[in-house]
Each structure stands twice: as structure tokens, then as C-alpha cells.
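Q: Take a look and give me a structure for this.
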Amino acid sequence: MGMLSKIEVEESIEVLEIAFKESNNFKVRQRIQSLIHLKKGTINRQIDLVAYLDIGHSTLKSWIK
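A: I've put the predicted structure just below:
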């Protein structure tokens, strides 16, 4: 079993959803979507988030630096 993610997202869900809707860039939308899922708690493990977004684990790690 993978470790739970301990990432704290400072932005509110409303702000993230507005940014998601306003963005036209696919990569930016994926990043915002990952933050939304972490903030809502719908996806708790990084490995699950990687699989859901269909990205590499190293990509996710670079995003959350």
C-alpha cells in the first residue's frame, strides 16, 4: 500500500475550480485538477493521482516541488 500524500493546498476549492474553467492549456488544467483532487480528498495517494491523470510519477513530483 502506498503512502498517503501530505501535501497542503492553500488555495480554496472555489479558486481552483475557477482557474480550471478559465484555463485553455491542457497541462495547466491537469496541474489544477491534481490540486483540486488533493484538496477535496477524493484521491489521497500520489500513485492513484498519477494513474488518474495518466502522467508519470516524476512529472507529479516536479509539479509539487
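Q: Buried residues, whichever helix in the chain runs longest. List them.
A: Counting by DSSP state H, the longest helix found in the chain is helix 26-40. Of all the residues in helix 26-40, those buried under the rule 16 or more other CB atoms under 10 Å are Gln30, Arg31, Ile32, Gln33, Ser34, Leu35, Ile36, His37, Leu38, Lys39. Placement of C-beta: from N, CA and C, glycine included.
Q: where does this structure dip in pLDDT?
A: 1-5 (pLDDT under 70).
Q: go with 80
A: 1-7, 64-65 (pLDDT under 80).
Q: For the protein, which segments count as strands?
A: With DSSP state E, there are no strands along the chain.
Q: now, which of the buried residues of helix 26-40 sits nearest Ser23?
A: Nearest to Ser23 among the buried residues of helix 26-40 is Ile32, at 6.5 Å by CB to CB.
Q: Touching, that closest one and Ile13? I think so.
A: No. Using CB atoms under 8 Å, Ile32 is not in contact with Ile13; the gap is 11.0 Å.
Q: would TSV of the buried residues of helix 26-40 with distance to Trp63 be doable?
A: Output for the buried residues of helix 26-40, formatted as TSV (distance: CB to CB, whole Å):
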residue	distance to Trp63
Gln30	9
Arg31	5
Ile32	10
Gln33	11
Ser34	7
Leu35	9
Ile36	13
His37	13
Leu38	11
Lys39	14
